[in-house]
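Colleague: everything below, folded, please.
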Amino acid sequence: MAMDVDGTETPTPPSSAQLSEFTRQSKPSRIVIDPEGDLCLTVGEERVEEDDPPVTFLVCSKTMARTSPVWKRMLYGGFAESVQPKSASGKEWIVSLPEDHPQAVQTLLNIMHGYFDKIPLVIDFSATGTSEKAMGSIDLYHLYCLTVVTDKYDCTRIIRPWAKGWTTSIATNGPLTNGYSKSSDAQYLPWIFWELGDVAMFRETAKHLILNCTTNSEGELQLQSESEGAVPLFGCIIEPPDFSTFVRNRRLKVIEPMLKPVQDAAEHLLQKEDEIKHKRLCKMKNRESICYATMLGVTCRSLTHDHLWPVPRPEELHISTLQLAYRLLFTDSRSRLPNHEDCFALTNIEQIIKKSLGDVSSQLAGSYTQHLQAQADKTGLSS
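Modeller: Okay, the predicted model is just below:
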């Protein structure tokens, strides 16, 4: 209680944690999907998202079973969920889905029951992670949640009419496009494209993450967001099987050939005078020792400025692949000795970086492509 100036006590407003606890304990709101329905689905009781409180949906059990083999087994296969109360008891048939996302389930139920006019056609990228969405739209996070439940209940095929429009919208205006403000949204894409079966966009997403992910001190992948700072990749997001390992390994394979010429040049310049001449970094035939000394000093100073000295091992590098490429392109390694302007410690570095970035593998593991093709057959993206 707070005390007013006149001595009366004013109730202290509840904290956000208390509000979340109240939401969990309060009775879920009720939404009628089918007025003639015989089954109640109570969804999201264990979730704590304030903009998506728990909901009970009245649905048709037969419709659920027709559109989802998982639901068919749950409701009519002898599982606990299949136990219906006797009609004379007056009790409702209730199935609890405590971990599912209410809004995603509602979209799924609308599709199952034929309310196609209620299915969002447009992705509102400006609303991802907020409760403010344009009328008739879905944000990227809720599209991700929808693809989670279509996978869970093995009913991917029912979103076929909308799959192409959603993937095209992401390709045109989504997190992989220039100028997109919230880079951490890219973490939703691997699962979305994995479930929808878009091979090309799955490949582009992998490439984007390989080039843009940073790592923390533990070597865990991160995405840098202007508004949120470093966001752990897939911190609370489902990923395709071993996908973070795939991205981490490919990232190291791109970084290694870019760092190797820097390490080689450093080791070469640090050798004894009678051991360094064979590489001929100095293009002139006079004052080679002084030329090598100036190249070493300039290169070391430039790398130190960019936090690349001593030259790190690939797994020790925490900046992104693109950040490394940018820093190396502008590393100063030119000799300061008069008439030695053509002497560089890092020769052909621009070509090496270009090749390394160009070699970011577009090939996916066989298990990935097989799954993606199978999903594309369901969603119509293969045609």
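
Colleague: in the longest helix that the chain contains, what counts as buried?
Modeller: Using DSSP state H to define each element, the chain has its longest helix at helix 243-269. Residues of helix 243-269 classed as buried: 243-244, 246-248, 250-252, 254-255, 258-259, 261-262, 265-266, 268-269 (neighbour count, 16 or more other C-beta atoms under 10 Å). No exception for glycine: its C-beta is placed from N, CA and C like everyone else's.

Colleague: contact partners for Lys164?
Modeller: With contacts taken as C-beta atoms under 8 Å, 6 or more residues apart in numbering, Lys164 has the following neighbours: 379-381.

Colleague: check which element follows the helix or strand that contains it along the chain.
Modeller: Assigned by DSSP states H and E, Lys164 belongs to helix 160-173. Once helix 160-173 ends, the next helix or strand along the chain (criterion: DSSP H and E) is helix 189-196.

Colleague: following element in sequence after that next one, please.
Modeller: Reading on from helix 189-196 to the C-terminus, the next helix or strand found by DSSP H and E is helix 199-212.

Colleague: identify the residues contacting whatever helix or strand comes next after that following helix?
Modeller: Downstream of helix 199-212, the first helix or strand assigned by DSSP H and E is strand 214-215. Contact with strand 214-215 is made by 221-224, 230, 248, 317-320, 323, as judged by C-beta under 8 Å, 6+ apart.

Colleague: now strand 214-215, how far from the centre of its chain.
Modeller: A distance of 13 Å separates the centroid of the chain from that of strand 214-215, by C-alpha atoms, centre = their mean, to the nearest Å.

Colleague: on that earlier part again, now the helix holding Lys164 and helix 199-212, what's the angle there?
Modeller: Following axes from the mean of the first three to the mean of the last three C-alpha atoms, to 10 degrees, one obtains 40 degrees for the angle between helix 160-173 and helix 199-212.

Colleague: using a markdown table, please lay out the contacts of Lys164 together with pLDDT.
Modeller: Compiled in a markdown table, the contacts of Lys164 are given as follows (pLDDT from 0 to 100):
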| residue | pLDDT |
| --- | --- |
| Thr379 | 97 |
| Gly380 | 96 |
| Leu381 | 95 |
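
Colleague: residues in contact with Ile119?
Modeller: Ile119 makes contacts with 107, 110-111, 162, as judged by C-beta under 8 Å, 6+ apart.

Colleague: and Gly380, by the same measure?
Modeller: 160, 163-164.

Colleague: likewise for Lys152?
Modeller: Taking C-beta under 8 Å, 6+ apart as the contact definition, Lys152 lies against 70, 100.

Colleague: quick one, strands of the stretch 1-150 of the chain?
Modeller: With DSSP state E, counting those that start in this stretch as the definition, the stretch 1-150 of the chain shows strands at residue ranges 2-3, 9-10, 29-32, 39-43, 55-59, 94-97, 122-123, 137-138.

Colleague: re earlier: with pLDDT and distance to Ala365 as added columns, please give the contacts of Gly380 in a markdown table.
Modeller: A markdown table is the format used below for the contacts of Gly380 (pLDDT from 0 to 100; distance: C-beta to C-beta, whole Å):
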| residue | pLDDT | distance to Ala365 |
| --- | --- | --- |
| Arg160 | 97 | 26 |
| Ala163 | 97 | 23 |
| Lys164 | 96 | 25 |
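
Colleague: with distance to Lys207 added, can I get those in CSV?
Modeller: Conversion of the contacts of Gly380 to CSV gives the following (distance: C-beta to C-beta, whole Å):
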residue, distance to Lys207
Arg160, 27
Ala163, 22
Lys164, 22
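
Colleague: between these, which is closest to Thr63?
Modeller: Arg160 (17.3 Å; C-beta to C-beta).

Colleague: I figured that closest one hits Thr379, correct?
Modeller: Yes - using C-beta atoms under 8 Å, Arg160 is in contact with Thr379, at 5.1 Å.

Colleague: looking at the two, which has the bigger crowd around it?
Modeller: More crowded of Arg160 and Thr379, by other C-beta atoms under 10 Å: Thr379, with 24 against 15.

Colleague: Leu346: what's its closest spatial neighbour, skipping adjacent residues?
Modeller: With sequence-adjacent residues excluded and distances taken as C-beta to C-beta, 6 or more residues apart in numbering, Leu346 is closest to Ser333, at 4.3 Å.

Colleague: count the neighbours of the one you found for me.
Modeller: In terms of burial, Ser333 registers 23 neighbours under the definition other C-beta under 10 Å.

Colleague: who touches it in this structure?
Modeller: For Ser333, the contacting residues are 265, 295, 298-299, 302, 344-346, 349, by C-beta under 8 Å, 6+ apart.

Colleague: and if you look at Ser29?
Modeller: Taking C-beta under 8 Å, 6+ apart as the definition of contact, the neighbours of Ser29 are 53-56.

Colleague: partners of Cys40 in the sheet?
Modeller: Leu58, Ile94 (DSSP bridges).

Colleague: burial measure for the nearest residue to Asp332 once chain neighbours are set aside, as a count.
Modeller: The shortest distance from Asp332 to any non-neighbouring residue, by C-beta to C-beta, 6+ apart, is to Ser302 (4.2 Å). A count of neighbours around Ser302, defined by other C-beta under 10 Å, yields 20.
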